[in-house]
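K.L.:
sequence first, then the predicted structure, then my questions.
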Amino acid sequence: MPAAKSENGKNDQFEFLFGRPPLLEGEDEERYLRLRAAVVGELEPKSVFDWINAKDQVDKLWEEERYKRAATALISGGLPKALDCYLNEICDVDYAEGLSDKYFNGDAKGRKEVMAVLAEHGITMAQLHAKAAQLESGGLAMFDRLVAARENGRRMLRKEAERRSLRPDHDPDEITD
């Protein structure tokens, strides 16, 4: 039980310093707290700057994952356009519209029928995803840049923390000019 009390103390300290987690509606607070506990457990912050570093690491990791989830959702959201693109190439317009409706109405039978038509022309789900990614490439490129920026930020934070910890005469709580 002492470990749980210690963990709660770290969570209390974290929330005392930084407030509630910066979550969007629908994000899993328990998952965020598990990530935060893992990072705090790894970094074992002692000074206020260590706590700030831990907070920044957690937030950057969380945001990276958020942007990766958003990129995946963007591809999924692009499926109607991708499906329409392929169906309009292989079918007449009215039939293509009907098939597109069948695919997205939630009926497993309709979805199977559409996939069979696509398969007759050698079009796979992987190709639909690739086409959706191509059609949403601007948004995907933006999310890719955001993920890269967070990764770079975490790397810089890690290097700075290592640099500070290697200075034998450095008091981590001391403010320097």
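P.N.:
Happy to help now that I have it.
K.L.:
quick one: contacts of stretch 89-98?
P.N.:
The contact list for stretch 89-98 (Cβ atoms under 8 Å, 6 or more residues apart in numbering) reads 84, 87, 88, 99, 117, 118, 121, 123. Every C-beta, even on glycine, is put in place using the N, C-alpha and C of the backbone.
K.L.:
from residue 121, how far out is the second one?
P.N.:
This means residue 87. 10 Å (Cβ to Cβ, to the nearest Å).
K.L.:
of the two, which one has the most company?
P.N.:
residue 87 (23 against 11; other Cβ atoms under 10 Å).
K.L.:
sticking with the more buried one, tell me its helix or strand.
P.N.:
helix 79-90 (DSSP states H and E).
K.L.:
what residues of that helix count as buried?
P.N.:
Residues 79, 82, 83, 84, 85, 86, 87 are the ones in helix 79-90 that count as buried (16 or more other Cβ atoms under 10 Å).
K.L.:
pick the one among these closest to residue 158.
P.N.:
Distance to residue 158, by Cβ to Cβ, is smallest for residue 79 among the buried residues of helix 79-90, at 37.7 Å.
K.L.:
what's the burial count for the residue nearest to the closest one when sequence neighbours are not counted?
P.N.:
Computed as Cβ to Cβ, 6 or more residues apart in numbering, the closest residue to residue 79 that is not its neighbour in sequence is residue 132, at 5.1 Å. Counted by other Cβ under 10 Å, the residues lying close to residue 132 total 22.
K.L.:
and for residue 22?
P.N.:
14.
K.L.:
who's in contact with it?
P.N.:
59, 62.
K.L.:
the nearest residue to residue 87 once chain neighbours are set aside sits in which helix or strand?
P.N.:
Nearest non-adjacent residue to residue 87, counting by Cβ to Cβ, 6+ apart: residue 96, 3.8 Å away. Using DSSP H and E, residue 96 maps to helix 93-104.
K.L.:
buried ones in that helix?
P.N.:
Those would be 96, 99, 100, 102, 103, for helix 93-104 by 16+ other Cβ under 10 Å.
K.L.:
what is the mean pLDDT for the next helix or strand after that helix?
P.N.:
Downstream of helix 93-104, the first helix or strand assigned by DSSP H and E is helix 108-120. In this model, helix 108-120 has a mean pLDDT of 90.
K.L.:
send me helix 108-120 as PDB with only the CA atoms.
P.N.:
The C-alpha trace of helix 108-120 is given here as PDB (Å, rounded to 0.1, in the frame of the first residue of the first chain):
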ATOM      1  CA  ALA A 108     -22.600  -5.200 -43.200                       C
ATOM      2  CA  LYS A 109     -24.300  -6.800 -46.300                       C
ATOM      3  CA  GLY A 110     -24.000  -3.500 -48.200                       C
ATOM      4  CA  ARG A 111     -20.400  -3.000 -47.300                       C
ATOM      5  CA  LYS A 112     -19.600  -6.600 -48.400                       C
ATOM      6  CA  GLU A 113     -21.300  -6.000 -51.700                       C
ATOM      7  CA  VAL A 114     -19.300  -2.800 -52.400                       C
ATOM      8  CA  MET A 115     -16.000  -4.500 -51.400                       C
ATOM      9  CA  ALA A 116     -16.900  -7.400 -53.900                       C
ATOM     10  CA  VAL A 117     -17.400  -4.800 -56.700                       C
ATOM     11  CA  LEU A 118     -14.100  -3.200 -55.800                       C
ATOM     12  CA  ALA A 119     -12.300  -6.600 -55.600                       C
ATOM     13  CA  GLU A 120     -13.600  -7.400 -59.100                       C
END
